[in-house]
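> sequence? don't have it. structure:
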């Protein structure tokens, strides 16, 4: 079954548009979700594998904790307590081991270490988010902020066709990275002095929580992209 280029989800588009189809295709054709990742060098390939496995184990641990909570409500916690404790301990050790491997790989490469330092200098970007950005977006610092937002799936896409004009929504891009950036945005909304003010203005304007966090995540991506492009660490802009 064939798909028209305008509706190819891998390009970040989610619905056919008339007025901006050509512009979107021209803008994103060189930056598909797999752009720049056809032949990643060995360290990036290994980092991607490690971060993917870590995310899988974290998801499993979260599901286990949910099951333990449900068992508590049913009064069956003690029945599986030892088994659950052993399983959680195993997951904790495996996750910690993966994180140690990830840190060792980054620390052993001067370029990756410098990028990690720049990313982690931004309030809201921790070890997990910085590693995901390095592994999943090797184009970081080499593209525009708009392209970085599109690759992350945080660029608003119009749902327009003919005389119909729909709301803009995000989609496409690199799903795992987008999820991590949402988590980073939640932290940044409370602890990044610039983005905290930005988020406050959105809330004051009556924007829904999801809309506000999406906007913060998008702004966060453009900030880290600009910092990597200039090879500079975060500093609070002078008012």
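Sure thing, it's come through. As the structure is a computational prediction, the values presented were derived from the model and not from experiment.

> count of residues packed around residue 50?
When neighbours are counted by other CB atoms under 10 Å, residue 50 registers 18. Just so you know, the C-beta spots here come from the backbone N, C-alpha and C atoms, and that holds for glycine as well.

> swap that for residue 216, sorry
As a burial measure, residue 216 scores 26 neighbours (other CB under 10 Å).

> And the helix or strand containing it, what's buried?
Applying DSSP states H and E as the criterion places residue 216 in helix 209-230. By neighbour count on 16 or more other CB atoms under 10 Å, the buried set for helix 209-230 is 212-225, 227-229.

> same thing with stretch 65-77?
Residues 68, 71 are the ones in stretch 65-77 that count as buried (16+ other CB under 10 Å).

> Identify all contacting residues around that stretch.
Residues from elsewhere that reach stretch 65-77 (CB atoms under 8 Å, 6 or more residues apart in numbering): 79, 80, 84, 88.

> for those, which one is nearest residue 50?
The nearest member of the contacts of stretch 65-77 to residue 50, counting by CB to CB, is residue 88 at 20.7 Å.

> what's near enough to touch the nearest residue to residue 122 once chain neighbours are set aside?
Distances taken as CB to CB, 6 or more residues apart in numbering put residue 234 closest to residue 122, at 4.4 Å, once the chain neighbours are dropped. Counting by CB under 8 Å, 6+ apart, residue 234 makes contact with 118, 121, 122, 123, 223, 227.

> just to revisit the earlier point, next, format the contacts of stretch 65-77 as CSV and append pLDDT, secondary structure and neighbour count.
As requested, those are exported to CSV (pLDDT from 0 to 100; DSSP: H, G, I helix; E, B strand; the rest coil; neighbours: other CB atoms under 10 Å):
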residue, pLDDT, secondary structure, neighbour count
79, 83, helix, 11
80, 86, helix, 13
84, 93, helix, 16
88, 96, helix, 15
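
> Pipe the residues you listed into JSON lines and attach distance to residue 52 per row.
What follows is those, written out as JSON lines (distance: CB to CB, whole Å):
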{"residue": "79", "distance to residue 52": "34"}
{"residue": "80", "distance to residue 52": "29"}
{"residue": "84", "distance to residue 52": "25"}
{"residue": "88", "distance to residue 52": "21"}
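
> What is the neighbour count of residue 136?
When neighbours are defined as other CB under 10 Å, residue 136 has 25 of them.

> Could you do residue 233 as well?
Per other CB under 10 Å, the neighbour tally for residue 233 reads 13.

> and it, helix, strand or coil?
Classification of residue 233 using DSSP: H, G, I helix; E, B strand; the rest coil returns coil.

> Name the residues that touch stretch 211-228?
Taking CB under 8 Å, 6+ apart as the criterion, the residues outside stretch 211-228 that touch it are 115, 118-119, 121-122, 124-125, 133, 140-141, 143-146, 148-149, 152, 154-155, 170, 178, 181-182, 184-186, 188-189, 192, 195, 198-199, 202-203, 207, 233-234.

> Tell me how far it lies from the chain's centre.
Between the centre of stretch 211-228 and the centre of its chain there are 10 Å (CA atoms, centre = their mean, to the nearest Å).

> try stretch 206-216
Distance of stretch 206-216 from its chain centroid, counting by CA atoms, centre = their mean, is 16 Å.

> Make 457 the first number, not 1, from now on.
That works, and once the first residue is 457, the last one we named lands at stretch 662-672.

> Give me the average confidence score over that stretch.
The pLDDT scores in stretch 662-672 average 93.
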